[in-house]
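*Asks:* Build me a model from this:
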Amino acid sequence: FFNDSTNFDWSETTWSYRESEYILRFYNNDKVVGKIYLCLDECGMTDSRPFTPKVKFGSLTDEGQRKLEREINDRQKWE
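*Replies:* Numbers count the residues shown, from 1 in each chain. You can find the predicted model right below:
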C-alpha cells in the first residue's frame, strides 16, 4: 500500500499530524523506522515521518482511503 504512489495525492493543508486519528508505526528489529499519521473520518489527510519516498505529503486518494480503511477494519489482520 505505502509503496504505491497512486494511493496518495499532493495536497496543501493546514491539517496537523496532532489531529490524527491513527498513528501507524513500522518496525525493523524492534526499532521504529517510520510513522504515518492518518485522519480518515471525512478527512483523508496524511503526514509521514519519512521511510518510503512514495508516500506523498497531503492526502490519500479516494481509492487509497478506501483500501486503507478496509485494511484497518479487517479484524483477521489484528490477530
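
*Asks:* tell me, how many neighbours does Arg18 end up with?
*Replies:* By the criterion of other CB atoms under 10 Å, Arg18 has 7 neighbours. Bear in mind the C-beta positions are built from the backbone N, C-alpha and C, glycine included.

*Asks:* Would it be right to say that it lies in a helix?
*Replies:* Yes. Assessed with DSSP: H, G, I helix; E, B strand; the rest coil, Arg18 lies in a helix.

*Asks:* distance of it from Asn3?
*Replies:* 26 Å (CB to CB, to the nearest Å).

*Asks:* go on, Ser16?
*Replies:* The separation that Ser16 has from Asn3, given CB to CB, amounts to 25 Å.

*Asks:* and the next element down the chain from the worst-scoring helix or strand of the chain on mean pLDDT?
*Replies:* None of the helices or strands of the chain scores lower by mean pLDDT, DSSP states H and E than strand 45-49, at a mean of 73. Downstream of strand 45-49, the next assigned helix or strand under DSSP states H and E is strand 58-60.

*Asks:* Just the angle for the one helix or strand Lys67 maps to relative to strand 45-49, thanks.
*Replies:* Per DSSP H and E: Lys67 is located in helix 62-73. Helix 62-73 and strand 45-49 are oriented at 70 degrees to each other (axes from the mean of the first three to the mean of the last three CA atoms, to 10 degrees).

*Asks:* Can you list the neighbours in contact with helix 62-73?
*Replies:* For helix 62-73, contacts defined as CB atoms under 8 Å, 6 or more residues apart in numbering pick out 1, 4, 6-9, 22, 38, 40, 44, 60, 77.

*Asks:* in the protein, what residue sits furthest out from the centroid?
*Replies:* Asn29 (21.3 Å; CA atoms, centre = their mean).

*Asks:* Quick check on that one: phi, psi?
*Replies:* phi 50, psi 50 (degrees, to the nearest 10).

*Asks:* could you check the distance from it over to Ser20?
*Replies:* 25 Å.

*Asks:* cool, Arg75 as well?
*Replies:* From Arg75 to Ser20 the distance is 22 Å (CB to CB).
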